[in-house]
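Student: Give me a 3D structure for the following:
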Amino acid sequence: MSLRHDAEIIGLVGLAHGTSHFFHLMLPPLFPWLMRDFSLSFTEAGLLMTVFFIVSGVGQAVAGFVVDRVGARPVLFFGIGLLAFSGLLLGVSHNYPMLILTAAVAGLGNSIFHPADFTLLNHRVAQPRLGHAFSVHGLSGNLGWAAAPVFMAGIATATDWNVAGFAAAGVGFAVLAILWLRRGVLGDAAHEVVARAEERARPIDRSRFDFMRSGAVWLCFAFFFLTTAAFGILQNYSPAILGEVYGVSLTIATAGLTAYLLGSAAGIVTGGFLATRSEHNEWLIAAALGLAATMAVIIASGAPPAAMLLPLMSIMGFGVGVAGPNRDLLVRRAATSRFGKAAFGRVYGFVYSGLDTGLALSPLLFGPLLDAGHFNEALMAVAVLQVAALLTAWRVGGSARAAAPQRGHA
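Tutor: Residues are numbered from 1 along each chain as shown. Below is the predicted model:
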């Protein structure tokens, strides 16, 4: 495969993934306006994201089977179209139930991206470039996260939040148009994915649900649950938390989340280079998340001066970012060590539904904690979850390496 071919696949998939992350944060930046206009508590506002990620998590597990059966292109177009439609729904919303419907539609659109994206990347990008492909994939997601708060809050400030919803829809439809224009590239990839999957499924002769009995797959699910439950606290509530703990303005507190996301983006780029040079990705994950957890504990203590807040948040984000590409290669190894490449869609779909589960439950678990005024404790929970995640990643790596020789003999 040529570098140009790989670059185009990586770029198109990255654009789609960045769009999905943009819509992750379509609603949270508007919480100050939505809470004011609909008299919502932190818990009620957070419930919108719980709905988003519950629908996304269930849909993602199903989407993996669909991708393995029909290919990635139609599934990818379906997801982008739903995200754009959710922006239109937000624009016309006039009550809380309509906001819940908006979150559900956006969650369904979001559900398809990891099984579709990773199936395309794993089948269509040369293996020596996979670490960089996963790095770009993660980086594009972080750029989508970083763009959404500025875009949505900026438009809501200048006009109102309904207009911001219509603007988000415009972003979704523009990306769909770009992917449609390059549909030939994605169409060829999707056709090849389905053909190869059918060829490889026959000699493996395993039940389509055998992967559910794999301890490594469940450990990967747990890893995603833990890391994203920690991130859910920061994504939804960090401006409020940092404002309360450090007494800084909303602008500075929001900049803390931006610093985290920018640090994470830098970490993803670094992690992509490190991932391709190591067979022990779990060691890199453990070191990176250990650094992130240490920063979380320091911030939770409230001891540093406010001037150190942005650097500490960026370092925490850097640690989480470095773990990203190594995490994706670790999942790939756990999948192929037992089930071969024909199961990419199913395994990625199920494992990444742990991501949605963590983000869905995080507002339910920590919204009431914040309503009770326990802001430092919420930051400490971030550290605890990150430590639990690094221990889980360590187990995944050992399990995958133990399984690889067994599959080779089989």
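
Student: For the rest of this, base every contact and every neighbour count on C-alpha atoms.
Tutor: Will do.

Student: next SSE after the helix or strand harbouring residue 262?
Tutor: Using DSSP states H and E, the element containing residue 262 is helix 250-275. As assigned by DSSP H and E, the chain's next helix or strand after helix 250-275 is helix 281-301.

Student: which residues of the stretch 251-400 of the chain score low on pLDDT?
Tutor: Within the stretch 251-400 of the chain, the segments meeting pLDDT under 70 span 276, 278-280, 332-345, 397-400.

Student: OK, contacts around the closest residue to residue 141 other than its chain neighbours?
Tutor: For residue 141, ignoring the flanking residues on the chain, the nearest one in space by C-alpha to C-alpha, 6 or more residues apart in numbering is residue 18 at 4.2 Å. If a contact means C-alpha atoms under 8 Å, 6 or more residues apart in numbering, then residue 18 has 137, 140-145 as its contacts.

Student: just to revisit the earlier point, and the helix holding residue 262, what's buried?
Tutor: Neighbour-count burial for helix 250-275 flags 252-275 (criterion: 16 or more other C-alpha atoms under 10 Å).

Student: Pretty sure residue 54 sits against residue 357.
Tutor: Yes: at 6.3 Å, residue 54 counts as touching residue 357 under the criterion of C-alpha atoms under 8 Å.

Student: Is residue 121 in contact with residue 130, as I believe?
Tutor: Yes: judged on C-alpha under 8 Å, residue 121 makes contact with residue 130 at a distance of 7.4 Å.

Student: what helices or strands is the helix or strand where residue 66 lies leaning on?
Tutor: Assigned by DSSP H and E, residue 66 belongs to helix 42-70. Where contact means 3 or more C-alpha pairs under 8 Å, 6 or more residues apart in numbering; DSSP states H and E, helix 42-70 is packed against helix 31-38, helix 72-92, helix 96-110, helix 113-124, helix 183-204, helix 344-371.

Student: Can you add mean neighbour count and give the ones you listed back as CSV?
Tutor: Shown next, in CSV, are the helices and strands packed on helix 42-70 (neighbours: other C-alpha atoms under 10 Å):
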stretch, mean neighbour count
helix 31-38, 15
helix 72-92, 23
helix 96-110, 23
helix 113-124, 24
helix 183-204, 16
helix 344-371, 25
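
Student: Could you check those helices and tell me which one is nearest residue 247?
Tutor: Nearest of the helices and strands packed on helix 42-70 to residue 247, taken as C-alpha to C-alpha: helix 344-371 at 15.5 Å.

Student: so that closest one versus helix 96-110, what angle?
Tutor: Interaxial angle, helix 344-371 versus helix 96-110 (axes from the mean of the first three to the mean of the last three C-alpha atoms, to 10 degrees): 150 degrees.

Student: Tell me which residues touch residue 282, please.
Tutor: Counting by C-alpha under 8 Å, 6+ apart, residue 282 touches 326-327, 330, 390, 393-394, 396-397.

Student: go again using 10 Å as the cut-off
Tutor: With contacts defined as C-alpha atoms under 10 Å, 6 or more residues apart in numbering, residue 282 is in contact with 275, 288, 323, 326-327, 329-330, 390-398.

Student: helix, strand or coil for residue 94?
Tutor: coil (DSSP: H, G, I helix; E, B strand; the rest coil).

Student: thinking it is in contact with residue 37, fair?
Tutor: Yes: if you go by C-alpha atoms under 10 Å, residue 94 and residue 37 touch, sitting 9.4 Å apart.

Student: any idea how far residue 132 is from residue 153?
Tutor: As judged by C-alpha to C-alpha, to the nearest Å, residue 153 and residue 132 stand 32 Å apart.

Student: One more: residue 346?
Tutor: Noted for residue 346: a distance of 23 Å to residue 132, by C-alpha to C-alpha.

Student: what do you get for residue 212?
Tutor: Taking C-alpha to C-alpha, one finds residue 212 at 29 Å from residue 132.

Student: Name the residue in these two with the higher neighbour count.
Tutor: The neighbour comparison of residue 212 against residue 132 (other C-alpha atoms under 10 Å) goes to residue 132, with 23 against 15.

Student: And the pLDDT for the more buried one?
Tutor: On the pLDDT scale, residue 132 is placed at 78.

Student: Correct me if wrong: it contacts residue 328.
Tutor: No: assessed by C-alpha under 10 Å, residue 132 is found out of contact with residue 328, at 11.0 Å.

Student: Now do the shared contacts for the two.
Tutor: 138, 275.

Student: coming back round to it: what sits in contact with each of residue 121 and residue 130?
Tutor: With C-alpha under 10 Å, 6+ apart, residue 121 and residue 130 have common neighbours 6, 10.

Student: what's the closest non-adjacent residue to residue 103?
Tutor: residue 52 (4.8 Å).

Student: so what's residue 273 up against?
Tutor: Listed by C-alpha under 10 Å, 6+ apart, the contact set of residue 273 reads 129, 131-132, 135, 322, 325-326.

Student: can you do 7 Å?
Tutor: 131-132 (C-alpha atoms under 7 Å, 6 or more residues apart in numbering).

Student: for residue 257, same thing?
Tutor: 238-239.

Student: Quick check: the gap between it and residue 131.
Tutor: Residue 257 is 26 Å from residue 131, by C-alpha to C-alpha.

Student: now do residue 108
Tutor: As for residue 108, its distance to residue 131 is 28 Å (criterion: C-alpha to C-alpha).

Student: do residue 299 as well
Tutor: From residue 299 over to residue 131 the distance is 31 Å, taken as C-alpha to C-alpha.

Student: Report the angle between whatever helix or strand residue 138 lives in and helix 250-275.
Tutor: Applying DSSP H and E as the criterion places residue 138 in helix 130-158. Helix 130-158 runs at 170 degrees relative to helix 250-275, counting by the same axes, to 10 degrees.

Student: and the angle from helix 130-158 to helix 113-124?
Tutor: 150 degrees.

Student: Show me what helix 130-158 is packed up against.
Tutor: Applying 3 or more C-alpha pairs under 7 Å, 6 or more residues apart in numbering; DSSP states H and E, one finds that helix 130-158 makes contact with helix 3-24, helix 161-181, helix 250-275, helix 309-339.
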